[in-house]
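*Asks:* No sequence on hand, only this structure:
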């Protein structure tokens, strides 16, 4: 008999009806989301990864995917640096101290892309926020850009989950303190934090969950 593994950070999944997941990669959490009966909108900028993601979601009728690079402005030119670990560390930023914790990961190519804000994406694709009341971000340092481009819709989310670090994983990326400051100003409070990587003298990386006050 299959026994579900409980993750402490799953608590918010039982309190929402749907998730917008920016930085989908191959949809590793699709089973977990499906177990909770959630509507899911995955957003993935890498065209090759997006194809793999789309195929994986065929088994999940309540989950769909769109291919966009989400940032803080529309039609801005970016270079998406594709990483050697099947694209899991791909970012619009160059590596900062990332190599101190994951020395074997490199960038192998760059893909030119134009950005869109989350607010513009929702309008363009006629996405109803009534189906999605949580936001998950795994955008490798661009999380604050995503939030700034969604300022007018943040109040629609009950929870926001993101990866964050207390050091510059990527050059010029946001840090945990930046996210705390921005989200506090938008009536969110941090309710959960779990460290998943650490190196003495460098810093820590966390999974963080914010709740709308």
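*Replies:* In hand now; what should we look at? All values derive from a computational prediction rather than experimental measurement.
*Asks:* Residue 107 pairs with what?
*Replies:* For residue 107, the beta-bridge partners under DSSP bridges are residue 83.
*Asks:* how many other residues sit next to it?
*Replies:* Residue 107 has 16 neighbouring residues, counting by other CB atoms under 10 Å. The C-beta positions use only the backbone N, C-alpha and C, and glycine is treated the same way.
*Asks:* any idea how far residue 41 is from it?
*Replies:* 28 Å (CB to CB, to the nearest Å).
*Asks:* Which residues does stretch 197-213 contact?
*Replies:* Defining contact as CB atoms under 8 Å, 6 or more residues apart in numbering, one finds that stretch 197-213 is touched by 9, 12, 97, 100-101, 155, 157-167, 169, 176, 179, 183, 187-196.
*Asks:* So which bits of that stretch are buried?
*Replies:* 202-212 (16 or more other CB atoms under 10 Å).
*Asks:* Quick one: mean pLDDT for it?
*Replies:* Throughout stretch 197-213, pLDDT has a mean value of 94.
*Asks:* And for stretch 132-151?
*Replies:* 97.
*Asks:* what about it, start to end distance?
*Replies:* Stretch 132-151 has its terminal residues 16 Å apart, counting by CA to CA, to the nearest Å.
*Asks:* Please state the offset of that stretch from the chain centre?
*Replies:* Relative to its chain's centre, stretch 132-151 lies at 6 Å (CA atoms, centre = their mean, to the nearest Å).
*Asks:* One more: stretch 97-115?
*Replies:* On the basis of CA atoms, centre = their mean, stretch 97-115 sits 16 Å off its chain's mean C-alpha point.
*Asks:* again, but for stretch 63-70
*Replies:* 11 Å.
*Asks:* which outside residues touch the worst-scoring helix or strand of the chain on mean pLDDT?
*Replies:* Ranking every helix and strand in the chain by mean pLDDT, DSSP states H and E puts helix 98-101 at the bottom, with a mean of 92. Contacts to helix 98-101, defined as CB under 8 Å, 6+ apart, come from residues 89, 105, 169-170, 197-199, 202, 205.
*Asks:* where exactly do the helices run in the chain?
*Replies:* Under the criterion DSSP state H, the chain contains helices at 30-35, 47-56, 98-101, 118-124, 143-148, 176-185.
*Asks:* Mind giving me the packing neighbours of the fourth one?
*Replies:* Spelled out, it's helix 118-124. Helix 118-124 sits against no helix or strand, with contacts defined as 3 or more CB pairs under 8 Å, 6 or more residues apart in numbering; DSSP states H and E.
*Asks:* do the same with the first one
*Replies:* Under the contact criterion of 3+ CB pairs under 8 Å, 6+ apart, helix 30-35 touches strand 63-66.
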